[in-house]
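J.: Generate coordinates for the sequence data below:
(one chain, ligands or ions: 1)
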Amino acid sequence: MQAQRLIKKDVVIIGAGAAGLICAIETGKRHRSVLVLDHMEKIGEKIRVSGGGHCNFTNLNLQPGNYFSTNPHFCKSALAGFTPEDFISMLDRHGIEYFEKEKGQIFCKKTSREIVRMLYKECANAGVEMRMNCRASVISKNENFSIATNWGVVEASSLVIATGGLSYPELGATDIGYRTAGQFGLKVTKLKPALVPLIFRQRDREIFKELSGVSFDASVSCKGAHFRGKVLFTHRGLSGPAILQISLYWEQGDKISINLLPDIDAYALFISKRTSRIALSNLLSEHLPRRFIHTWCCLHASSRPLRTYTEKEIKDIAGLLHSWTIIPEGTEGYRKAEITLGGVDTAELSSKTMEAKKVPGLYFVGEVIDVSGQLGGYNLQWAWSSGYAAGQYA
Ligand SMILES: Cc1cc2nc3c(=O)[nH]c(=O)nc-3n(C[C@H](O)[C@H](O)[C@H](O)COP(=O)(O)OP(=O)(O)OC[C@H]3O[C@@H](n4cnc5c(N)ncnc54)[C@H](O)[C@@H]3O)c2cc1C
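T.: Next up is the predicted model:
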């Protein structure tokens, strides 16, 4: 029988994603011997696909209020310790071009691969060792942490769990981070897929399936939260930025309400055209896609010349346009979710160091923690900031 390979390091980081790589750079700079291991073939797979290949890597308007967590204060210290400007200055040092798309969202001008290459170079400069195709399985602790992998056993005095959430399993997601927390007696909050498209109920799916690809600008609400942005019909339901954002709030059985004319008072518009011969669907098609309006009118208001509607009918139609209600059947799940909402309970961790209070030497960084950002670069910034914080101490 072949002897098991045994490697000893100061720090082992499981997960070569955004949080793990930044943490590796920082620990390496402190002259700790660091090994990053990941079961994928390449580092930073989620960085590569994010932002449609252009990586919305941060947001200039970042506020702690852009994050969801059982403890909304937990994220503050790490976000202040490594800011969007700090990450941008790293890109500047590497000559990587970027641009602001909208609402403070910063994207790579060329490709997200430039960020992956930058992190790889920074790791190499900091003397970080990387081992890919290396899957962590069993973790134990005596004096040091011991991590069993398909490559051998690795021992270290500090262990950083940077294994992300459950979404997009084909990019490497596993539940090892949450299992490890449980194994060491740390609580994990309820998990659910978020920033995820919603699926129609069967009846609505039949009605709207022809509209796949149609989109419009709207304001979407659920349980008091409102988001303005694009709504896109898919072949099974609704997607687009406004829907992805509202999925952070949506729970099974909840309604969502869509204001189809967020910039217009529909009632005033109808009154102003009261004497005209224009048909309802033609008037509405000046503001919303014609194919959608055709279906919407078939469902809610048969289209006739405006002057033939009674005052009450006009009021009712205007009300429906400002509050079109849908009860989704579910979400597209982790397969299509950008993030996992929930994670390792922040009450278990130091907000300064990301170290588990009950388990000295054990750190959690990035999406695996119960800190989830809205759409717009906030999740990657959390990965950079929490990874940086742990990198000062691990
Ligand atoms: C399609 C998509 C688009 C997105 N776009 C954006 C965007 O534009 N802006 C934004 O801010 N956020 C975006 N996100 C979210 C963002 O990518 C994540 O929140 C962020 O990458 C999380 O970083 P992380 O380092 O915590 O985890 P990850 O990047 O998920 O890294 C975890 C790593 O751990 C490895 N791993 C897991 N289990 C094991 C194991 N047992 N052994 C070894 N290795 C293991 C995985 O292979 C993976 O490489 C997007 C997500 C998706 C899926």
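J.: what about the residue lying closest to Glu355 once chain neighbours are set aside, which SS state?
T.: Nearest residue to Glu355 in three dimensions, chain neighbours excluded: Tyr363, at 5.2 Å (C-beta to C-beta, 6 or more residues apart in numbering). No exception for glycine: its C-beta is placed from N, CA and C like everyone else's. Following DSSP: H, G, I helix; E, B strand; the rest coil, Tyr363 is assigned to strand.
J.: Kindly state the pLDDT recorded for the residue of the stretch 251-394 of the chain found nearest the ligand?
T.: Closest approach between the stretch 251-394 of the chain and the ligand, counting by C-beta to the nearest ligand atom: Gly366, at 2.3 Å. In this model, Gly366 is scored at 98, pLDDT.
J.: Phi first, then psi, for Gly185.
T.: With angles defined as degrees, to the nearest 10, Gly185 sits at phi 80, psi 20.
J.: Tell me, how many residues neighbour it?
T.: Counted by other C-beta atoms under 10 Å, the residues lying close to Gly185 total 10.
J.: dump the residue contacts of the residue nearest to it when sequence neighbours are not counted.
T.: Setting aside the residues directly before and after it, Gly185 is nearest to Lys358 in space (C-beta to C-beta, 6+ apart), at 6.3 Å. Lys358 sits next to 184-186, 348 when contact means C-beta atoms under 8 Å, 6 or more residues apart in numbering.
J.: same deal with Arg201?
T.: 327-329.
J.: can you redo these as CSV with distance to Ser247 and secondary structure?
T.: Listed next are the contacts of Arg201 as CSV, based on distance: C-beta to C-beta, whole Å; DSSP: H, G, I helix; E, B strand; the rest coil:
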residue, distance to Ser247, secondary structure
Ile327, 14, coil
Pro328, 9, coil
Glu329, 13, coil
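J.: Neighbour-wise, which one of the residues you listed leads?
T.: Most neighbours among the contacts of Arg201, by other C-beta under 10 Å: Pro328, with 23 neighbours.
J.: Confirm for me that that residue is in contact with Trp250.
T.: Yes: Pro328 is within contact range of Trp250, at 7.0 Å (criterion: C-beta atoms under 8 Å).
J.: which residues sit in contact with the residue of the stretch 251-394 of the chain closest to the ligand?
T.: Contacts here follow C-beta under 8 Å, 6+ apart; on that basis Gly366 touches 15, 17-20, 162, 164, 382-383, 386-387.
J.: Would you confirm that Ile327 contacts Lys255?
T.: Yes: distance between Ile327 and Lys255: 5.2 Å, which falls inside the contact criterion (C-beta under 8 Å).
J.: Could you single out the nearest of the contacts of Lys358 to the ligand?
T.: Nearest member of the contacts of Lys358 to the ligand, counting by C-beta to the nearest ligand atom, is Phe184, at 15.9 Å.
J.: thought the closest one was touching Pro360?
T.: No: contact status for Phe184 versus Pro360: not in contact, 10.9 Å apart, counting by C-beta under 8 Å.
J.: out of the two, which sits in the busier spot?
T.: Set Phe184 next to Pro360 and count neighbours by other C-beta under 10 Å: Phe184 wins out with 16 against 10.
J.: what helix or strand does the closest residue to Gln381 other than its chain neighbours sit in?
T.: Once flanking residues are discounted, Gln381 sits nearest to Thr58: 4.6 Å by C-beta to C-beta, 6+ apart. Taking DSSP states H and E as the criterion, Thr58 maps to strand 56-59.
J.: Test of understanding: give the bridge partners of Tyr98.
T.: Cys108 (DSSP bridges).
J.: Retrieve the pLDDT associated with it.
T.: Note on Tyr98: pLDDT of 98.
J.: residues near it, how many?
T.: Tyr98: 20 neighbours (other C-beta under 10 Å).
J.: So it sits against Gln105, correct?
T.: No: with contact defined as C-beta under 8 Å, Tyr98 does not reach Gln105; the gap is 10.4 Å.
J.: which bits of the stretch 251-394 of the chain sit near the ligand?
T.: Residues of the stretch 251-394 of the chain lying close to the ligand (C-beta under 6 Å from any ligand atom) are 338-339, 366-367, 377-380, 383.
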